[in-house]
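Student: when you get a sec, could you give me coordinates for this:
(chains A and B)
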Amino acid sequence: MTIIWIIAAVMLTTAAILTMFRLLAGPSTLDRLVALDALVAVTMCAIGTWAAFSLDTTVTYGLTALALISFVGSVSVARFRVPDIDKRRSAGRPR
Amino acid sequence: MRVLDIAAAVLVLGGSSLALTAAIGVVRFPDTLTRMHAATKPQVLGLLLVLAGAAIRLRGNADVGMVILTGLFTLITAPVVANRVGQLAYREQNIRDDLLTRDEMHEFAENRETGGNGQN
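Tutor: Numbering: from 1, shown residues only, chains lettered A, B, ... in the order given. All right, here's what the predicted structure looks like:
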């Protein structure tokens, strides 16, 4: 039975590392925003897996708080960020 | 109950594999819209599967309500964020036109500029 939890933890860790690569390497701000959203969701998956494994219910409040904070953060970044200026690609296009 | 624990473990395993699929899609796909497609859909389903597994494991506890609340909140907020990001990516032309099979937003804008065809 424990092997299932170990496999889930390894998969979630791999997912977090891959998403972190896109977060660091993403060419535009929106790519980073998408990657950050994915990273938060992987973190929430990991917290849920920990709660299911250890039967520890104190982390479930953190799960809800993380969902709220991630929504507010993503919407704020999408609303208030400074647009990327890529002169090579957007030459002649109206913005 | 042994059966319920096994069901919870299988649900958590499926959710983790969906999260891994989303991460691979985020790394491998070529532009912002496809990355967002890969990041939002399997991720919400994976999170819901993991939360269902956790709720089954934690059955009878009062804190299961928080888990269900988290699932509902994710279901409500994920489309909002995806809509904002997709619209921004389209507006800044941060997409690859050759990967689009149909560009309905462009058709809509053209229709509106030329006065439309009387239907909208």
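Student: show me where chain A has helices.
Tutor: Taking DSSP state H to define them, one finds helices in chain A at A:2-25, A:29-54, A:59-80.
Student: which one of those helices is the most hemmed in?
Tutor: helix A:29-54 (a mean of 23; mean count of other Cβ atoms under 10 Å in any protein chain shown). From N, CA and C alone the C-beta is placed, and that goes for glycine too.
Student: so which elements touch that helix?
Tutor: helix A:2-25, helix A:59-80, helix B:2-28, helix B:32-57, helix B:64-91 (3 or more Cβ pairs under 8 Å, 6 or more residues apart in numbering or on different chains; DSSP states H and E).
Student: cutoff 6 Å now
Tutor: Counting contacts by 3 or more Cβ pairs under 6 Å, 6 or more residues apart in numbering or on different chains; DSSP states H and E, helix A:29-54 is packed against helix A:2-25, helix A:59-80, helix B:2-28, helix B:32-57.
Student: related to what we said a few turns ago, using TSV, lay out the helices of chain A together with mean pLDDT and distance to residue B:108.
Tutor: What follows is those, written out as TSV (pLDDT from 0 to 100; distance: least, Cβ to Cβ, whole Å):
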stretch	mean pLDDT	distance to residue B:108
helix A:2-25	92	31
helix A:29-54	91	22
helix A:59-80	90	21
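Student: out of those, which comes closest to residue B:104?
Tutor: helix A:29-54 (20.1 Å; Cβ to Cβ).
Student: which residues are contacting stretch A:52-72?
Tutor: Applying Cβ atoms under 6 Å, 6 or more residues apart in numbering or on different chains, the contact partners of stretch A:52-72 are A:5, A:40, A:44, A:47, A:51, B:8, B:12, B:53-54, B:57, B:61, B:63, B:66-67, B:69-70, B:73-74, B:77.
Student: report the central residue of chain A.
Tutor: residue A:39 (2.2 Å; Cα atoms, centre = their mean).
Student: so what's the gap between stretch A:2-13 and the chain middle?
Tutor: 19 Å (Cα atoms, centre = their mean, to the nearest Å).
Student: show residues contacting that stretch.
Tutor: A:42, A:45, A:46, A:49, A:53, B:9, B:12, B:13, B:16, B:17, B:20.
Student: now tabulate the helices and strands packed on helix A:29-54 in JSON lines and tack on distance to residue B:88.
Tutor: Formatted as JSON lines, the helices and strands packed on helix A:29-54 follow (distance: least, Cβ to Cβ, whole Å):
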{"stretch": "helix A:2-25", "distance to residue B:88": "17"}
{"stretch": "helix A:59-80", "distance to residue B:88": "6"}
{"stretch": "helix B:2-28", "distance to residue B:88": "17"}
{"stretch": "helix B:32-57", "distance to residue B:88": "9"}
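Student: ok, which of the ones you listed comes nearest residue B:107?
Tutor: helix B:32-57 (16.8 Å).
Student: what about chain B, any weak spots by pLDDT?
Tutor: B:1, B:93-95, B:113-120 (pLDDT under 70).
Student: which bits of it sit near chain A?
Tutor: Applying Cβ under 6 Å from any Cβ of the partner chain, one finds that chain B approaches chain A through B:8-9, B:12-13, B:16-17, B:19-20, B:22-23, B:26-27, B:32, B:35-36, B:39, B:43, B:47, B:50-51, B:53-54, B:57, B:61, B:63, B:66-67, B:69-70, B:73-74, B:77, B:81, B:84-85, B:88-89, B:93-94.
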